[in-house]
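Peer 1: have a look at this fold, sequence not included:
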């Protein structure tokens, strides 16, 4: 059985239920005094339609005729239960009009259109027409006494996800058939029907390990991994799927998706992926801003969770500025978990953007060693974030259900909309071209990178094929932990294995697979160690001869700002090391004064080191590029009284916390900025302005937390200014019940 959805009053007035569950409600009959009082108040009224899902004209109410006594043992009743899709207001359909006769409530007749009946276009818009056959809603009166009825209603295990309105109306009769109660409609109430991965009856979403659903459905916090495969770093992301803001945003978005598409998790997740970005349909997040200018919005690096974004979207009705891949992924994961999909964030390091879907990335270099932008259309992102969601795939071959890739980042069109997936992980691993967009994802995680050198006559030579660069590491958050879990093996076979080569080359491509020219000098590039913002950034180029003869090399390293998607910006440094005898190691160092600028902050502090080498004696050439990303400045959350990270907290007690961060600039003042701190279910979000602070000083902001509930919570924090970004590692806090004494151990998952 599925646990109750705990929204802590944040998501009223919805009643949250899952597919396949039975819910009950009480219908009370008013006494004479109640009737007279409500009649005087103008609340009574009759049904304006025939009971088959037609809206009522007045506020509904059950009323008993004056002076009439009702004996449940001698009277009969008729109870109609009507369930309407909330998108009625935009043309939805009535899903159930169930009639139960007799006092024992043993017979139920369906008078209205069920989901398996095709509604006529005169009655309903295409939102409720032409749907696949599915199970029926059902209702039953389980108890009847003189004061009212208790009704049980069963939600089909394959019903469409979304919000529904439940109406009832009752008529009571004497043995002679005389009506004792006016036909009137009870006050309607809303139910938000979610997927039920705990139930085997919900075959579309049923998850094989229910214990893990506490992480993949119910947990309101996750982790985003960024940086490089060699030197990655993590930061918290608050999903907040059960917050009022998330529920309202999800409700609005679901109303824009046809009912038939909300029944099928494949079509529903696909529609949500398109609605998260603003590219085509005024979706939630905008990912575009003018390069090289001031941001008229929030920098993507500044967000620490989905709730603030969804709240702004609900408030304004306009796309929120701005997002990049992890923001799109975080918002999509929030919506999917709320709907009942098991979902998790995934980061792919060295993710290819294979525009032609050939499973190849081609980089062309001019005779002088610079990148030929006119021919190099493909890019390799230093890291890219998307979502995996669990669902069945009856549209594919057996065994292709399970985890599916969904990407809401607006980079490629799929059936006319900016979205990717759902793409089966099993299909991706085996190199199968299936629905949806698997060829694109295969290229993202496993494309070969080919480097070409053109001469003065325009002739092109293949100088290098890198079969291991793309998809070098894929990470997700381990269940019930802040540790990273390596899931690279779920996307592809071991690099260089026969299975990996066979799956990649399974698709025929119209590409000349020429062999790379081999030379007698071995070149390699590397980033020596992890760097934090404010430290010099550097790479090393190793040149080692494989023969006994003398070899002389000239190495050119060019450093550019680069966008998250691999698009180059301003040139920062050019290093030329001429006539170096091999073996040799060439180091290129970029000082912080060169890269910690406001223009860099707009691009996100990513730097591409492009390497071109030439061997004087043989004419051999070598080209490569590395992305270097400094780790954001370290932001810490500590207790105000002792400067240590928070220990176990106690429910109902006030705590003073401080957000602290040092200025990593040696000669610059950090501009005014914003601090964001959030912990879903634990505290209201903190968004506060921070004054500028100079070299040798830092930020120190105090705020208060009063835990209202016990449990385990995750806190995320971030700082953004014109010339500095700061991030906090995920902080886990354990709040003990008020009856227990808070201890001195650090918060952790249990």
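Peer 2: Right, received. Where do you want to start? Here the structure is a predicted model, which means the values were calculated and not measured. Numbering: from 1, shown residues only.

Peer 1: what's the burial count for residue 239?
Peer 2: 26 (other CB atoms under 10 Å). C-beta: built from backbone N, CA, C; applies to glycine.

Peer 1: for the protein, what spans make up the helices?
Peer 2: Per DSSP state H, the chain carries helices over the ranges 32-40, 213, 244-254, 259-263, 265-276, 307-316, 325-339, 425-429, 438-446, 498-504, 592-595, 598-603.

Peer 1: how about CSV for the ones you listed, with mean neighbour count, mean pLDDT and distance to residue 631 added?
Peer 2: Putting these into CSV (neighbours: other CB atoms under 10 Å; pLDDT from 0 to 100; distance: least, CB to CB, whole Å) gives the following:
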stretch, mean neighbour count, mean pLDDT, distance to residue 631
helix 32-40, 13, 38, 65
helix 213, 20, 95, 33
helix 244-254, 22, 91, 30
helix 259-263, 22, 89, 41
helix 265-276, 25, 95, 27
helix 307-316, 20, 93, 24
helix 325-339, 29, 96, 15
helix 425-429, 22, 94, 30
helix 438-446, 26, 92, 24
helix 498-504, 16, 86, 31
helix 592-595, 17, 80, 13
helix 598-603, 18, 57, 15
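
Peer 1: residue 712 is nearest to which of those?
Peer 2: helix 213 (15.8 Å; CB to CB).

Peer 1: can you give me the end-to-end span of stretch 654-673?
Peer 2: 27 Å (CA to CA, to the nearest Å).

Peer 1: how far does that stretch sit from its chain's centre?
Peer 2: Here the centre of stretch 654-673 is set off from its chain's centre by 29 Å, with CA atoms, centre = their mean, to the nearest Å.

Peer 1: pretty sure residue 235 contacts residue 719?
Peer 2: No. With contacts counted by CB atoms under 8 Å, residue 235 stays clear of residue 719, the gap being 11.5 Å.

Peer 1: neighbour count for the two, which is higher?
Peer 2: Between residue 235 and residue 719, residue 719 has the larger neighbour count (other CB under 10 Å), namely 26 against 22.

Peer 1: please name the bridge partners of the more buried one.
Peer 2: Beta bridges link residue 719 to residue 675, residue 726, judged by DSSP bridges.

Peer 1: show me the contacts for it.
Peer 2: Counting by CB atoms under 8 Å, 6 or more residues apart in numbering, residue 719 touches 302, 633, 635, 659, 661, 673-676, 690, 699, 725-727.

Peer 1: make TSV from those and add neighbour count to it.
Peer 2: What follows is these, written out as TSV (neighbours: other CB atoms under 10 Å):
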residue	neighbour count
302	23
633	22
635	22
659	24
661	24
673	23
674	15
675	23
676	22
690	20
699	23
725	21
726	29
727	25
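
Peer 1: please enumerate the strands of the stretch 451-600 of the chain.
Peer 2: 460-466, 473-477, 484-486, 521-526, 537-545, 552-562, 568-581, 584-590 (DSSP state E, counting those that start in this stretch).

Peer 1: I'd like the average pLDDT over the last one.
Peer 2: Per-residue pLDDT values across strand 584-590 average out to 91.

Peer 1: between strand 537-545 and that strand, find me the angle.
Peer 2: Angle, strand 584-590 to strand 537-545, by axes from the mean of the first three to the mean of the last three CA atoms, to 10 degrees: 170 degrees.

Peer 1: same for strand 584-590, what does it pack against?
Peer 2: strand 537-545, strand 552-562, strand 568-581 (3 or more CB pairs under 8 Å, 6 or more residues apart in numbering; DSSP states H and E).

Peer 1: report the strands that pair with it, each with its relative direction.
Peer 2: Checking strand 584-590 against DSSP bridges gives partners strand 537-545 (antiparallel).

Peer 1: just the third one next, same as before
Peer 2: Using DSSP bridges, the neighbouring strands of strand 484-486 in the sheet come out as strand 473-477 (antiparallel).

Peer 1: returning to what we had before: what is in contact with residue 235 and residue 719 at once?
Peer 2: Contact criterion CB under 8 Å, 6+ apart; residues bridging residue 235 and residue 719 by contacting each: residue 727.

Peer 1: among the helices of the chain, which is nearest residue 473?
Peer 2: helix 438-446 (10.2 Å).

Peer 1: contacting residues around the closest one?
Peer 2: In this structure, residues lying in contact with helix 438-446 by CB under 8 Å, 6+ apart are 348, 351-354, 357-361, 384, 405, 407, 412, 420-421, 423-424, 427-428, 431-433, 470-471, 474, 491-492, 500, 503-504, 507.

Peer 1: mind checking which of these are buried?
Peer 2: Neighbour-count burial within the contacts of helix 438-446 applies to 348, 351-354, 357-361, 384, 405, 407, 420-421, 423-424, 427-428, 431-432, 470-471, 474, 491-492, 500, 503-504, 507; the criterion is 16 or more other CB atoms under 10 Å.

Peer 1: any low-confidence regions in the stretch 601-750 of the chain?
Peer 2: Within the stretch 601-750 of the chain, the set of residues satisfying pLDDT under 70 comprises 601-604, 740-750.

Peer 1: many thanks, we can stop here.
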